[in-house]
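Trainee: Pasting the sequence and the predicted coordinates here, then a few questions.
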Amino acid sequence: MSSIGVNTWVWVSPLTDDDLARLAPLVAGWGFDVIELPVERPGDWNPDKAAAVLAEHGLAASVVLVMPPGRELVAASPETVRDTQDYLRHCVDVAVTVGSPVIAGPAYASVGRTWRLSPDERQAAYAELRANLRPVLDHAAGRGVQLAVEPLNRYETSLLNTVEQALDALPGDCHLALDVYHLNIEEKDPARAVRTAAGRIAHVQVCGTDRGTPGADRFDWPGFTTALRDTGYEGPLVIESFTAHNRAIATAASIWRPLAQSQDALAVDGLAYLRTL
């Protein structure tokens, strides 16, 4: 685990070509290895231009998918499912262009969508998810990209909250994206959950337990990173946090106050702490 990244959501949403041209030299200059690129809407930024900017500054890329209302793979109309599959295939193609080995995110239901499920209804939803992920997984495999599905906390979804649920729900060739923020809420023992996911982890996002700076909290970071090493995970640790200055993203992520002295400080101080691990 030698590489550390940062998501552009720390500063902006949605990402644009101009934003990336401004952020890439800063991120590289601070010593990050990876910059994470959200695909909120196809066309917000140009993948070919992004690839050139990242190459200029020696940065690797990771790509995250975004699930706003209207993107659904379960309990939705056939048209909605097809549109969501098309979007996810687009994310795969973007990943190929910018050189990301993974697309990561909650590729099952829109963030914030919750509904009660009996045990039988849950298993039926998982079966539907597996069926609707199959065309995306096949497209990703054909292009050399892994799909990493992210469990979210109970306030953001009722479908996949824990590693155990994700392993139950997902096809064997589908990987997991783990996020410290959600693990800290839902897992009784985050390090044990990491070890349970051994062999399936394709992406890891990190932040403080308040979504702020990694290390400026009481999370067991040494235990967590030791568990990751024990699983053989070799991908990056990517700082994912959000700015309170963008109304849409602040509302979506419940960011009601600044989480650090500045967004730059959140990234730089987080990087410094993660390097100590």
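Mentor: It's in.
Trainee: Going by C-alpha atoms from here, please, whenever you check contacts or count neighbours.
Mentor: OK.
Trainee: Contacts for stretch 261-276 next, please.
Mentor: With CA atoms under 8 Å, 6 or more residues apart in numbering as the contact definition, stretch 261-276 has outside contacts at 4, 6, 10-11, 30, 32, 207, 212-215, 239, 243, 259-260.
Trainee: How far away from the center of its chain is it?
Mentor: Computed by CA atoms, centre = their mean, to the nearest Å, the chain-centroid distance of stretch 261-276 equals 19 Å.
Trainee: any idea how far the closest residue to Val10 other than its chain neighbours is from Asp93?
Mentor: Nearest residue to Val10, sequence neighbours excluded (CA to CA, 6 or more residues apart in numbering): Phe242, at 4.4 Å. For Phe242, the distance to Asp93 equals 25 Å [CA to CA, to the nearest Å].
Trainee: try Val10
Mentor: From Val10 to Asp93 the distance is 24 Å (CA to CA).
Trainee: Look at Leu176 and give its secondary structure.
Mentor: For Leu176, the assignment made with DSSP: H, G, I helix; E, B strand; the rest coil gives strand.
Trainee: could you point out where this protein is predicted with low confidence?
Mentor: 1, 246 (pLDDT under 70).
Trainee: which residues in it form helices?
Mentor: Ranges of helices in the chain, per DSSP state H, are 17-30, 47-57, 78-98, 119-142, 163-169, 180-186, 190-196, 221-231, 247-253, 263-276.
Trainee: quick one, which residue of this structure lies the farthest from its center?
Mentor: Asp120 (28.6 Å; CA atoms, centre = their mean).
Trainee: residue contacts, it?
Mentor: No contacts exist for Asp120 under CA under 8 Å, 6+ apart.
Trainee: Starting from Tyr126, give me the distance back to it.
Mentor: Distance from Asp120 to Tyr126, by CA to CA: 10 Å.
Trainee: What of Gly142?
Mentor: For Gly142 relative to Tyr126 (CA to CA), the value is 24 Å.
Trainee: Alright, calling it a day.
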